[in-house]
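Engineer: what follows is a protein structure lacking sequence information:
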């Protein structure tokens, strides 16, 4: 029996490798986004703690140095929060770029897999056709042999 050989198998293999690399890059970008979001969450928690501390300082006996220090800490946290929000936004953009790249590579791979399936179907049709011709030849040969031997007797 004939063996099916896809002539563009090396391209399909490359597409598979590219897809795996794109999946890894997407996963790494996603992990970075999660880390940046976690940092932002910690900053928000720290800022809320400083704001709570500031309210407590104002409601109790007034110590201006502690109040100013707490106010500065809140301002620093606000600045850190804005900066971290920019990092999160950049990480989100990167994740979206990696997702789009992964999607594109997956479409290319699926296209090549579909081409391979069509080539395989064509190969099977050619095999069936060749088999049919062989059977016809055998039947034709047998018929002529039987007809020839019947005429001789």
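Structural biologist: Received, thanks. As the structure is a computational prediction, the values presented were derived from the model and not from experiment. Residues are numbered from 1 along each chain as shown.

Engineer: packing partners of the helix or strand bottoming out on mean pLDDT in the chain?
Structural biologist: The weakest-scoring helix or strand in the chain, judged by mean pLDDT, DSSP states H and E, is helix 64-152 (a mean of 89). Where contact means 3 or more CB pairs under 8 Å, 6 or more residues apart in numbering; DSSP states H and E, helix 64-152 is packed against helix 9-59. The C-beta positions use only the backbone N, C-alpha and C, and glycine is treated the same way.

Engineer: now do the helix it packs on: distance to the chain's middle.
Structural biologist: When distances are taken as CA atoms, centre = their mean, to the nearest Å, helix 9-59 is centred 18 Å away from the chain's centroid.

Engineer: quick one: list the elements packing against it.
Structural biologist: Judged by 3+ CB pairs under 8 Å, 6+ apart, helix 9-59 is in contact with helix 64-152.

Engineer: so how far is the helix it packs on off the chain centroid?
Structural biologist: 9 Å.

Engineer: assign a three-state SS to residue 4, would you?
Structural biologist: Classification of residue 4 using DSSP: H, G, I helix; E, B strand; the rest coil returns coil.

Engineer: my read: it touches residue 125, true?
Structural biologist: No - using CB atoms under 8 Å, residue 4 makes no contact with residue 125, being 11.9 Å away.

Engineer: tally of neighbours for the nearest residue to residue 54 once chain neighbours are set aside?
Structural biologist: Among residues not flanking residue 54 along the chain, residue 70 sits closest, at 4.5 Å (CB to CB, 6 or more residues apart in numbering). The burial count assigned to residue 70 is 20, neighbours taken as other CB atoms under 10 Å.

Engineer: what of residue 65?
Structural biologist: 7.

Engineer: from residue 72, how far out is it?
Structural biologist: Taking CB to CB, to the nearest Å as the measure, residue 65 falls 11 Å from residue 72.

Engineer: what do you get for residue 38?
Structural biologist: 25 Å.

Engineer: OK, contacts around the closest residue to residue 11 other than its chain neighbours?
Structural biologist: Once flanking residues are discounted, residue 11 sits nearest to residue 112: 6.2 Å by CB to CB, 6+ apart. Residue 112 makes contact with 8, 11-12, 15, according to CB atoms under 8 Å, 6 or more residues apart in numbering.
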